[in-house]
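> Quick one, what's the 3D model for this:
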Amino acid sequence: MTQSSDRRPSSRAASALVLISAVLLAPAMLASAANAQTQRYASIQPSAYPADEVIGSDEGATPERLRRAVVAFGTAEAPGTIIIDTGNTTLYYVLGQGRAIRYGVGVGREGFTWSGVPTISRKAEWPDWYPPSQMIARQPYLPRFMAGGPGNPLGARAMYLGTSQYRIHGTNDPSTIGKFVSSGCIRLTNEDVIDLFNRVDVGTKVVVLPKNAPVMARGGDGRTARPVGTAPRPAIVAPSGRQAMNLIAPQVN
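Numbers count the residues shown, from 1 in each chain. Alright, predicted model coming up:
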């Protein structure tokens with residue numbers, strides 16, 4: 001009896017110690033489990049963005065007719081040709097079989113539009129900008145040189161047109177797409193100019209239509225215009241005394 005009575009407190013104390021230990025250890029065990037769960041999910045998150053082409057970063061801010069898209073397009077020009085519909089501020093990359101990729105562009109302002117059939121003579125990624133002397137005369141506050149980069153007016157890519165000072169290039173101001181804003185250059189958003197840049201080569205034919213020229217295209221806006229003519233076109237015709245905006249002379253890298 002005495003021995004049995006003496007052991008009871010010891011057994012109760014042991015039980016109490018086990019209960020206290022369990023209570024104290026529970027938070028640590030839960031935290032460890034949560035940490036393991038977090039690490040498991042973190043390890044399977046994608047390490048890069050999907051490789052799919054992005055049509056536009058903010059479609060709501062761009063009219064549908066200016067968004068990059070494959071559209072029905074009738075022309076006698078060969079696949080791979082670029083056609084610029086100045087009057088409708090659109091550029092078409094001909095795919096053939098009645099289709100083309102349409103891009104929205106900004107073009108020359110009043111008095112600075114031009115037409116002609118040059119070819120791409122050079123391509124550059126993140127090009128430097130040397131404003132032409134004629135532009136500096138009109139806008140003396142412009143820098144004489146600006147290194148290529150996100151803040152450069154030429155944007156992410158430039159395609160030089162023949163021996164002229166005109167370019168197809170990107171822009172750091174996408175709000176100008178669809179407008180008559182430049183001194184002759186054709187500008188696209190950086191996303192679109194990169195897409196076009198990757199499709200064309202030096203020697204690609206570029207047909208720049210006059211502002212009032214008809215062109216046949218059926219795109220997202222549902223418009224149908226008249227077909228592009230097949231008659232030979234003259235060399236580049238530009239307004240007298242006017243030079244291109246945001247351009248680099250062909251010999252400058």
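
> low-scoring stretches of the stretch 101-250 of the chain, by residue?
215-250 (pLDDT under 70).

> ok, which stretches of it are strands?
Secondary structure of the stretch 101-250 of the chain by DSSP state E, counting those that start in this stretch: the strands cover 107-108, 120-125, 157-161, 167-169, 180-182, 186-187, 206-209.

> And the contacts of the first one?
Applying CB atoms under 8 Å, 6 or more residues apart in numbering, the contact partners of strand 107-108 are 84, 86, 89, 113-114, 179-186, 245. Quick note: C-beta positions are derived from backbone N, CA and C, even for glycine.

> give me that answer again for 7 Å
Contacting residues not belonging to strand 107-108 are listed as 86, 89, 113-114, 180, 182-184, 186 [CB atoms under 7 Å, 6 or more residues apart in numbering].

> With stretch 137-153 instead?
Applying CB under 7 Å, 6+ apart, the external contacts of stretch 137-153 come out as 126-131, 135-136, 171-172, 246.

> isn't Gly106 right up against Ile177?
Yes: counting by CB atoms under 7 Å, Gly106 does reach Ile177; the two are 5.3 Å apart.

> Run a quick neighbour tally on Met146.
Residues within reach of Met146, counting by other CB atoms under 10 Å, total 17.

> From the recorded domain assignment, give the ranges for the protein.
Under the assignment automatic domain parsing, the domains of the chain span 1-45, 63-209.

> which one of those has the most crowded surroundings?
Mean neighbour counts were compared across these using mean count of other CB atoms under 10 Å; the top stretch is domain 63-209, at a mean of 19.
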